[in-house]
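Peer 1: Attaching a predicted model along with its sequence, questions to come.
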Amino acid sequence: MRKKNDRKKQVESYAFDFVVVGGSPGGLSAALIASRFGLKTAIIHNRPVLGGNASSEIGVSSNITGAFGMGYNRHMRETGIVEEIKLKAFFEVYPHIESMIENVYYDLAMRESENLTLFLNTDAYRVDTGGRRITGIQARQIGSEREFYFTAPFFADCSGDGFVAFEAGNEFRYGREAQSEFNESMAPAVADDITLGASLMFRVEDAGQPVEFIPPPWARKFMEEDAFPHRFHKFPGFQTWWCEHGGRLDPIHDHERIKAELLEVITGLWDHVKNHGSHGADNKRIVKIKPLVGRRESRRIEGRYILNENDLRPDNGFKDAVCYGGWPIDLHPADGVLSQAPPAEQKFIEPYNIPLRSLIAKDIDNLTLAGRHVSITHCALGSTRVISTICGMGMAIGMATVMAKQGNYDYAWLIDHPEELQQRLLRYDATILNVPNQDPDDLARHAMVKASSGMSLKTGAPDSYKLFLNPISHVVRIACGRLDAITLYIKPKSASAATLRLAVYQAADNADYGNEKILSEETSTIAFDHGKEKMVTFKLNADIPSLYARFTLETDAEVYIGYSLSEPPGVTRGIFEDGAFVYDRGHHDEDEAMWVYERGCYSFNLTPASYPFAPEMVVNGVSRYYREPNLWISDPEAGLPAWIELDLGREQTVACVHLTFDSDLDSPHIYHADTLVKDYRVQAPGPDGEYADIIRVRGNRQRKCIHNFAPIRTSKVRILVTATNGGDSARIYELRAYAQADLYDM
C-alpha cells in the first residue's frame, strides 16, 4: 500500500531506434516509413490526437494541400504517405473528414503497433546532449502524470516550433530576413521580428431558419461597413483562414493571449456579419470554434542549407533533392485580420525540389526536421509550410533514418550520397521532380510491355458549347509524328456562315504556348444548316518534330465551339491575353485569395489517331503526370477486363510486384475515385501457357499497392483489371517487379 506522503515519481525509460517529437502528418509520415521497415519507433505528441494543424482541434484537416497550389499547378497533388492518408480518409470518413481525420491517423499508427508506439498527451520538456548528438529526451504525460525518458540513435523534430533543436542548442531564426541577406524580392528592406500570423478556425452552418446572435460583452466592435476590406464575408462562401492574428506577438510565448484576442475578433466579426449590414447570413450560425490556435510560423531551425525564395523554381538543381513543394509564396500582413491590406500577398510559382540539407539540423548530427520550422527563410516558409509538402519532408527523413540505421552512419553522409535514398523514396511512391526510377533491382525497367488495348487521344462529342469570342489554343500530345487533320465541333450563334483559320505550331511540352514556329495551317469557310452543329475538319498534313503540337483557331463570326468537361491527360488549354496565348491556369480570386481553375478543353479528334497512353508508359521511370501523361489507359470502348503484361525477356525469379494506379491527382482534395482500379489480379503463365492468378484483389482503395508472394520462375507477369471505382478504363502509372520480397510492410 502506498503512503499518502510518498510523492516520489518513477521515470520510465524507453530505448528506441527512432524517436519522433510531434505527431503532425509530417511526423506521422516519418514514423510510418521507419516502422514499416522494422525500426522501433516512438511518436511523442503533446495533444490527445494526431495531426497538428491537420487535426480537428485546429481545423486545416479538410484542406491538406501542397504543391497543387489551389489549382495553379495542376496534377501536382503529392503522393506517398499523404496520398495514402487522403484516400483512406475519402473511403472511410468522407464527407466528415474535418471531424474524423485523426481517426485515420490513429488507425494508420496502430496498424504498425508492433514497431510504432504512440505517446499522446505527452510533452517533451528536456533534451539532453553529448557533443553534437542528442542522447535523450524527457517528457511528461498530461493526465497520467507519468514521466518518460527516451533514448535512441536518431531523433526527428516534427514539433512545428523546433522545440527539440532549440533545446539541444541548435541555432535558429525568428522573424523576417532583410532583403539584402538572400536577395529575396518579397523580403523587407530591414530585418525584423514579425512572423506569419496564427488563425483560430471556426465553422458556420445553415440553420434553415433565422438565427439571432447576441455578442458577448467582451467581443470587439466592428461597426463600419468596410471593417474587413479585401476579406470576403458574405454568403454563400465564408473563409475563416483570414481571421488571423498578426505576427507582431511571439506565437509561442503569447499563445494564450493570441487565442483570447482571436476569440474577441471572431465574436465581433460574427456580430458584424449578423447585425451590421446585409451579408446574407440571417440563417447562419457558428457551430464550432476550434479549441486550438493554428500557428503558421515561430522558430525556424538552421540546417545544413537555408532554403530561400530564389530556390523555389523548377531548375534549382539540388543534387540531394528528396521532396518537393509548389504552394505559392504566401505571405500575410503583420496586423492580420485588422490590417487594411489584402489578407495575403501571393507569388505563384511552379513546383520545386527541396534538398535533404534543409531537413538536417546544422549543429546536431542525429537530428532531422520536418515541418514549418525546417531550414528556410521567412519568404521560403510562405510556400513550404503547407501540410502535404511537410508530409513529403516526413517521408524523406523517415527513409533517411532507415538508411542511416542500416548503414550505421549519420544523416550527413546522405547529403553527398543521395542516389540510393532518392531511389528508395521513389520506390514507395514519393515524388522527386526530374528524378526517374533507376532502381537496379527493378526487373520491369528492361521489360517489353504490351496490353490488351490503348486509348487514343480524343474527346469525342462535346458535353457543352462555349461562345467563341477570342482566338483559342490547345497543346496536344502527338505520339505518331504526324498531324494530318483536326476535327472540331462548331455551332453558329446567329451567322449563317463563318470563316475559320486553324494553325499548328511546334511545342516543347504541354505548357509551351510561346513557340511561334508554324508547321501548317488551313482556312475554311463553312455554311451552317439552320443553326445545327457542324463537324469541321482542317486538313494539315504536318510533320510534328516533337512530342507536342499547339493549334490555334480564330474566326470572323460569333460561333459556339464544342467543349468537353474533362480533358484527356496531356492536353492543356490556352487563353488569349494581351495579344498572345498563355497557358490557361484559371484566375486568381482577389477577395478570397484563392486560385480558381476549370477542368475541360475544346472537343477535338485527331487524324491519324495519337496513342500517348501506351503500355510502355508503365516502365518509363515516372509514376505520375508531370509534363507528360506517363500513364497507360486501356481503350474505354473495349471495356473491362483489360490487361497489361511485362515480358522480362527470359525466365526469372519474381517474388514481388509494385503497382501504381491513377487516383486522379488533378485536385488538392479527393471528391471521387472513378479512375482508381478497384479489382485486379496479378497473373503469370503456367506450363500450358494459360495465365493463373498469383494475387487476387477486390475493393482496392489505394494508389500504391505492393504484393509479396512465394517466388516463381517466369518470363511474364500480367495485371488483369476487372473493375474500377467508376471509370471505364484501366489506368496504371507504373509496374515494378522484384526477385525478392519487399521489406516495406504496408
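Peer 2: Cool, got the structure.
Peer 1: from here on, contacts and neighbour counts on C-alpha atoms
Peer 2: Fine.
Peer 1: Can you tell me the strand partners of the helix or strand of the chain with the lowest mean pLDDT and which way each runs?
Peer 2: The weakest-scoring helix or strand in the chain, judged by mean pLDDT, DSSP states H and E, is strand 594-596 (a mean of 74). In the sheet, strand 594-596 lines up against strand 587-589 (antiparallel) (DSSP bridges).
Peer 1: and the strand it pairs with, how far out from the chain's middle?
Peer 2: In this view, strand 587-589 has its centroid 20 Å away from the chain centroid, taken as CA atoms, centre = their mean, to the nearest Å.
Peer 1: Of all the residues in that strand, which ones are buried?
Peer 2: His588 (16 or more other CA atoms under 10 Å).
Peer 1: now stretch 645-662
Peer 2: Residues of stretch 645-662 classed as buried under the neighbour-count rule (16+ other CA under 10 Å) are 645-648, 652-662.
Peer 1: name the helices or strands packed onto the host helix or strand of Gln406?
Peer 2: For Gln406, the element it lies in under DSSP states H and E is helix 387-407. In this structure, helix 387-407 makes packing contacts with helix 25-36, helix 81-93, strand 321-325, strand 367-369, helix 419-427, judged by 3 or more CA pairs under 8 Å, 6 or more residues apart in numbering; DSSP states H and E.
Peer 1: That one to helix 25-36, inter-axis angle?
Peer 2: 30 degrees (axes from the mean of the first three to the mean of the last three CA atoms, to 10 degrees).
Peer 1: Helix 387-407: what's the following helix or strand?
Peer 2: helix 412-416.
Peer 1: Now do the buried residues in the helix holding Gln406.
Peer 2: Result for helix 387-407 [16+ other CA under 10 Å]: buried residues 387-405.
Peer 1: Dump it to CSV, keeping only the CA atoms.
Peer 2: Taking C-alpha atoms only, helix 387-407 is exported to CSV below (Å, rounded to 0.1, in the frame of the first residue of the first chain):
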residue,chain,number,x,y,z
ILE,A,387,0.7,20.1,-44.9
SER,A,388,1.3,18.0,-48.0
THR,A,389,4.7,19.4,-48.5
ILE,A,390,5.5,18.7,-44.9
CYS,A,391,4.4,15.1,-45.4
GLY,A,392,7.0,14.8,-48.2
MET,A,393,9.6,16.0,-45.8
GLY,A,394,8.5,13.4,-43.3
MET,A,395,8.8,10.6,-45.8
ALA,A,396,12.3,11.8,-46.7
ILE,A,397,13.6,11.9,-43.1
GLY,A,398,11.9,8.6,-42.3
MET,A,399,13.7,6.9,-45.2
ALA,A,400,16.9,8.7,-44.4
THR,A,401,16.7,7.3,-40.8
VAL,A,402,16.1,3.7,-42.2
MET,A,403,19.3,4.0,-44.3
ALA,A,404,21.3,5.6,-41.6
LYS,A,405,20.4,2.9,-39.2
GLN,A,406,21.0,0.1,-41.7
GLY,A,407,24.3,1.7,-42.8
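Peer 1: just how off-centre is it within its chain?
Peer 2: In this view, helix 387-407 has its centroid 16 Å away from the chain centroid, taken as CA atoms, centre = their mean.
Peer 1: Can you tell me which of the buried residues of stretch 645-662 is closest to Leu359?
Peer 2: Thr660 (27.4 Å; CA to CA).
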